[in-house]
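Peer 1: One predicted model, sequence on top.
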Amino acid sequence: SQQGEEDPQALSIQEGENATMNCSYKTSINNLQWYRQNSGRGLVHLILIRSNEREKHSGRLRVTLDTSKKSSSLLITASRAADTASYFCATVLGSTLGRLYFGRGTQLTVWP
Amino acid sequence: EPEVTQTPSHQVTQMGQEVILRCVPISNHLYFYWYRQILGQKVEFLVSFYNNEISEKSEIFDDQFSVERPDGSNFTLKIRSTKLEDSAMYFCASSAIDGATEAFFGQGTRLTVV
């Protein structure tokens, strides 16, 4: 399947530490998006990186994309307890614009 | 800040009953989507909708499902005869242009079929 797969499935860190989550996918993409989901809530869009981009920043978030390895990483710097959530990568194929293929997510827990 | 709103937040229905899940996408968006997330599983694409017609649907979106944009603001998902396995969180999303831009999701409707 095309779905992105996140790694690790769960990550537990202390406040102030950096959190890195990885995503791998299988086929060529138009873009890759990262979402956050607090328990039982909706999906919040974090950042979109296009296939011709290698790195993007947004506040404490840094996303990289390596299309040769079909992988992406999300780095959250100086994490806070409020960052505790599930993080999902979702890919958009060039042939099916709009349809998001989600991975299973990484559950991040940040301890105060 | 504009947001996608969904109602109800929680719906309990008996197996075999029809349910309609409602969504108000962001007003200037053109593409609309429904996704679902069964507890503990991935978020799965159901259907995309553009220019008053379905642009793509997944294998999950069978004849029991239908979508409609009855007016200029609402976007609905109807499940004609619910099954136990339809129990899930259903998310509506919209995007300004298409999948080349970010999709904004609502808070979801938790559907419980008993």
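Peer 2: Everything's here; your move.

Peer 1: how distant is the worst-scoring helix or strand of chain A on mean pLDDT from the center of its chain?
Peer 2: For chain A, counting by mean pLDDT, DSSP states H and E, strand A:5-7 ranks last in confidence among helices and strands (a mean of 83). Its chain's C-alpha centre and that of strand A:5-7 lie 9 Å apart, by C-alpha atoms, centre = their mean, to the nearest Å.

Peer 1: Packing partners of it?
Peer 2: With contacts taken as 3 or more C-beta pairs under 8 Å, 6 or more residues apart in numbering or on different chains; DSSP states H and E, strand A:5-7 sits against strand A:19-24, strand A:85-92. Any C-beta I mention is one placed from the backbone N, CA and C, and that applies to glycine too.

Peer 1: On the three-state scheme, residue B:44 is what?
Peer 2: In the three-state summary, residue B:44 is assigned as strand, counting by DSSP: H, G, I helix; E, B strand; the rest coil.

Peer 1: quick one: buried residues of the least confident helix or strand of chain A?
Peer 2: By 16 or more other C-beta atoms under 10 Å in any protein chain shown, the buried positions in strand A:5-7 come out as A:5-6.

Peer 1: got it, and stretch A:55-74?
Peer 2: For stretch A:55-74, burial by neighbour count (16+ other C-beta under 10 Å) applies to A:61-65, A:70-74.

Peer 1: Next: stretch A:79-91.
Peer 2: Buried-residue list, stretch A:79-91, by 16+ other C-beta under 10 Å: A:79, A:83-91.

Peer 1: Could you list which of those residues also contact chain B?
Peer 2: Filtering the buried residues of stretch A:79-91 for proximity to chain B (criterion: C-beta under 8 Å from any C-beta of the partner chain) leaves A:88, A:90.

Peer 1: which one of the buried residues of stretch A:79-91 is nearest residue B:32?
Peer 2: Among those, residue A:90 lies closest to residue B:32 (C-beta to C-beta), at 16.6 Å.

Peer 1: Show me what the residue nearest the centre of chain B is bridged to.
Peer 2: Central residue of chain B (C-alpha atoms, centre = their mean): residue B:34, 3.2 Å from the mean position. Under the criterion DSSP bridges, residue B:34 forms beta bridges with residue B:47, residue B:92.

Peer 1: Run through the chain and note the low-pLDDT ranges.
Peer 2: This is for chain A. Across chain A, the ranges flagged by pLDDT under 70 are A:1-3, A:95-97.

Peer 1: Chain B, not that one
Peer 2: Along chain B, segments meeting pLDDT under 70 span B:99.

Peer 1: Flag every residue of it that's near chain A.
Peer 2: B:31, B:33, B:35, B:41-45, B:48, B:50, B:55-56, B:58, B:89, B:91, B:93, B:95, B:98-108, B:110.

Peer 1: Take the helices and strands packed on strand A:5-7 and write them to CSV, including distance to residue B:70.
Peer 2: Output for the helices and strands packed on strand A:5-7, formatted as CSV (distance: least, C-beta to C-beta, whole Å):
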stretch, distance to residue B:70
strand A:19-24, 37
strand A:85-92, 28
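
Peer 1: For residue B:22, find the nearest of the ones you listed.
Peer 2: Once the helices and strands packed on strand A:5-7 are compared by C-beta to C-beta, strand A:85-92 is nearest, at 23.8 Å.

Peer 1: who in chain A is up against chain B?
Peer 2: So far as C-beta under 8 Å from any C-beta goes, chain A lies against chain B at A:3, A:30-31, A:33, A:35, A:40-45, A:48, A:50, A:88, A:90, A:92, A:96-105.
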